[in-house]
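Participant: can you look at this prediction? I've put the sequence above it.
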Amino acid sequence: MTTEDEPGLTWTTAATVKYVRVKFLDTEQRIIEGTASTPVTDWQGDIIEPLGATWHLPIPLLLDHRTDQAVGEVFEAHATAKGIRFKAQIIKIEQPGAAQDLVNYAWDLIKSGLRKTVSIGFRGIEAEQLPGGGIRFKTWSWLELSMVSIPSNPQALIESIKGVPDERPAMFSPTVVSTDIEVQRIRYRVREIDKAPKRIKADEYYRFRDLDFVNAANDAKSKFAVERRQLVEGEVGVKSTSTCFRKSTRR
């Protein structure tokens, strides 16, 4: 693991989101502790190498990847070959108002079990294509951690909650990350799928009567069509969820 201190780095891939779970809670200091990422294949078919991560502390702690809903910060993180462990705190605000309501709301979600998972927002630096169509992120920059309701990586857990000294530094200003990260990822994949049929020229192989290839090509096209439909439906769902969330939190 290395910490990132060089300003102005340029990332070569779009911001990406991966999910984990949360298990531990400290009701006095509002501290959560768990695993932010592991090198297992997630539901998107991707693998994120924990030892390839770079970051600088504190890392913004958000609700649902919304940069206008920062509720705390990750103040400790350690990477091993098995995953990245973290400790984060949802801050307390004494002054009544919208900010206090937001952080208290976030804490209530954790205590009630409505937010059992967390999600990392990052930008890939070095990556390679996997045989199954996914991506292995060898090196990447960790931008933010969000509390979410739908996990992608089943091993990303919140595992504990406990206190820290009150002298901890003030919150770090959140890094700007697109609030539509998941929609961007879906649209990117849809564009890739739309290009695929042009590369699969099954009709050319009819002339050679290569039936196995033709069947494989047709099967691939069918799978692409199914995945595309699911992705489009998923994009609508993401947008609908985002809209509902904004309405429900409006004061």
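Facilitator: Yes, it's here.

Participant: so where does the closest residue in space to L130 that isn't next to it in sequence fall, helix or strand?
Facilitator: Once flanking residues are discounted, L130 sits nearest to R136: 5.5 Å by C-beta to C-beta, 6 or more residues apart in numbering. Backbone N, C-alpha and C define where each C-beta goes, glycine included. R136 belongs to strand 135-148 when assigned by DSSP states H and E.

Participant: remind me what that strand packs against, helices and strands.
Facilitator: strand 15-26, strand 47-48, strand 53-55, strand 59-63, strand 66-80, strand 83-90, helix 98-112, strand 117-129 (3 or more C-beta pairs under 8 Å, 6 or more residues apart in numbering; DSSP states H and E).

Participant: what about stretch 107-117, start to end distance?
Facilitator: This stretch, stretch 107-117, spans 13 Å end to end (C-alpha to C-alpha, to the nearest Å).

Participant: quick check: buried residues in that stretch?
Facilitator: For stretch 107-117, burial by neighbour count (16 or more other C-beta atoms under 10 Å) applies to 107, 109-110, 115-117.

Participant: and the furthest pair within those residues?
Facilitator: For the buried residues of stretch 107-117, the farthest-apart pair by C-beta to C-beta is W107 and T117; their separation is 15.9 Å.

Participant: worst-scoring helix or strand of this structure, pLDDT-wise?
Facilitator: Least confident helix or strand of the chain, by mean pLDDT, DSSP states H and E, is strand 2-3 with a mean of 39.

Participant: from I32, how far off is P50?
Facilitator: From P50 across to I32, the span is 19 Å (C-beta to C-beta, to the nearest Å).

Participant: higher neighbour count, these two?
Facilitator: Neighbours were tallied for P50 and for I32 using other C-beta atoms under 10 Å; the higher tally belongs to I32 (28 against 20).

Participant: pretty sure the more buried one is touching R85, no?
Facilitator: No - contact criterion C-beta atoms under 8 Å: I32 and R85 do not qualify, at 11.7 Å.

Participant: what is in contact with these two at once?
Facilitator: Common contacts of I32 and R85 (C-beta atoms under 8 Å, 6 or more residues apart in numbering): none found.

Participant: note down every partner strand of the strand holding R136 and its orientation.
Facilitator: In the sheet, strand 135-148 lines up against strand 47-48 (parallel), strand 53-55 (parallel), strand 59-63 (parallel), strand 117-129 (antiparallel) (DSSP bridges).

Participant: dump the ones you listed to TSV, plus mean pLDDT.
Facilitator: As requested, the strands paired with strand 135-148 are exported to TSV (pLDDT from 0 to 100):
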stretch	mean pLDDT
strand 47-48	90
strand 53-55	96
strand 59-63	94
strand 117-129	88
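
Participant: who wins for proximity to K92 among these?
Facilitator: Each of the strands paired with strand 135-148 has some distance to K92 by C-beta to C-beta; the shortest is strand 59-63, at 13.5 Å.
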